[in-house]
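Visitor: this one's structure only:
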Ligand code: FES
């Protein structure tokens with residue numbers, strides 16, 4: 001009878017019992033903990049690819065998504081959180097310049113899976129987010145430890161900072177026309193400037209390019225990160241501007257929406 005923590009052959013073997021082959025159908029995977037002396041040393045994902053078993057780290061190099069729950073096709077597993085890919089044979093990314101995770105040698109004795117806790121390939125983190133994302137992340141981290149966020153927009157601390165967001169999609173380039181919701185926003189901001197001496201900024205959403213939310217929160221609460229991983233991978237995504245101004249700069253946010261949007 002095998003138990004967690006059991007080693008192959010001798011107590012000195014670095015091969016640890018992980019589980020039974022019968023628990024992993026062809027084309028699927030399962031996660032196991034490698035335990036030594038009662039202590040969990042790592043979590044691995046074992047994949048059954050046409051009857052051959054491969055083991056890689058269960059934790060995605062990006063933000064730790066569980067690779068054993070990923071989409072598995074050919075020898076590639078796609079992380080269920082944000083779609084990073086790894087070869088289950090090597091732990092390496094199929095894309096040049098992509099991150100890799102540890103891969104581990106596997107031995108099958110009868111129907112028992114033993115995984116070597118010494119990796120055959122050691123994972124590497126190579127990916128670096130683009131500059132604007134890094135700057136935002138830094139500012140958010142600063143903000144969270146109550147440091148100044150003055151680097152984002154010029155700030156006069158005596159003034160209230162009001163951000164106006166106009167959401168009308170009236171397309172000025174095709175057919176310029178008056179937007180009553182935007183007029184109302186301009187009026188309110190002008191009033192605040194004159195009477196409250198507020199500092200104001202307007203963002204017109206129609207002038208920015210965004211990627212849509214891909215619903216990471218629905219996959220797992222931890223998969224929804226801030227700043228968003230979509231902005232992290234796409235340097236053209238202008239949500240960064242919204243994040244900077246809404247999260248770090250504004251005291252007050254005024255949103256003007258056309259009435260047809262309720
Ligand atoms: S892609 Fe795996 S955690 Fe983001």
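Guide: Thanks, I have the structure now. Owing to the predicted nature of the structure, the values given are computational and were not obtained by experimental measurement.
Visitor: Could you find the closest non-adjacent residue to residue 59?
Guide: Nearest residue to residue 59, sequence neighbours excluded (CB to CB, 6 or more residues apart in numbering): residue 43, at 6.4 Å. Using the backbone N, CA and C atoms, a C-beta is placed for each residue, glycine as well.
Visitor: anything in the helix or strand hosting that neighbour sitting right up against the ligand?
Guide: Using DSSP states H and E, residue 43 sits in strand 39-49. No: figure legend: strand 39-49 not in contact with the ligand (CB under 6 Å from any ligand atom); closest approach 12.1 Å.
Visitor: which of the residues in that strand are buried?
Guide: 42, 43, 44, 45, 46, 47, 48, 49 (16 or more other CB atoms under 10 Å).
Visitor: Dig out what the second one forms beta bridges with.
Guide: Beta bridges link residue 43 to residue 33, judged by DSSP bridges.
Visitor: circling back to that earlier point, remind me what whichever helix or strand comes after the strand holding residue 43 packs against, helices and strands.
Guide: Moving toward the C-terminus from strand 39-49, the next helix or strand (DSSP H and E) is strand 52-57. Contact here means 3 or more CB pairs under 8 Å, 6 or more residues apart in numbering; DSSP states H and E; on that basis strand 52-57 packs against strand 39-49, strand 103-104, strand 106-109, strand 112-116.
Visitor: What helices and strands are in contact with the strand holding residue 43?
Guide: Against strand 39-49 (3+ CB pairs under 8 Å, 6+ apart) you get strand 15-20, strand 29-36, strand 52-57, strand 112-116.
Visitor: With residue 72 as the reference, name the closest of the ones you listed.
Guide: Closest approach to residue 72 among the helices and strands packed on strand 39-49 (CB to CB): strand 29-36, 6.0 Å.
Visitor: in the stretch 51-200 of the chain, which ranges drop under the pLDDT threshold?
Guide: Where the stretch 51-200 of the chain drops to pLDDT under 70, the residues are 146-157.
Visitor: tell me which parts of it are close to the ligand?
Guide: 60, 62, 63, 64, 65, 79, 81, 82, 83, 84.
Visitor: Pick out the most distant pair among those.
Guide: Farthest pair in those, by CB to CB: 64 and 83, 14.4 Å.
Visitor: contacting residues for the spatially most central residue of the chain?
Guide: Closest residue to the average C-alpha location of the chain: residue 229 at 4.1 Å, with CA atoms, centre = their mean. By CB atoms under 8 Å, 6 or more residues apart in numbering, the contact set of residue 229 is 62, 63, 82, 216.
Visitor: Same check on residue 235?
Guide: Counting by CB under 8 Å, 6+ apart, residue 235 has contacts 130, 131, 132, 133.
Visitor: 7 Å instead?
Guide: Counting by CB atoms under 7 Å, 6 or more residues apart in numbering, residue 235 makes contact with 130, 132.
Visitor: and it, what element?
Guide: Counting by DSSP H and E, residue 235 is found in no helix or strand.
Visitor: what's the distance between it and residue 89?
Guide: Applying CB to CB, to the nearest Å, the value for residue 235 to residue 89 is 32 Å.
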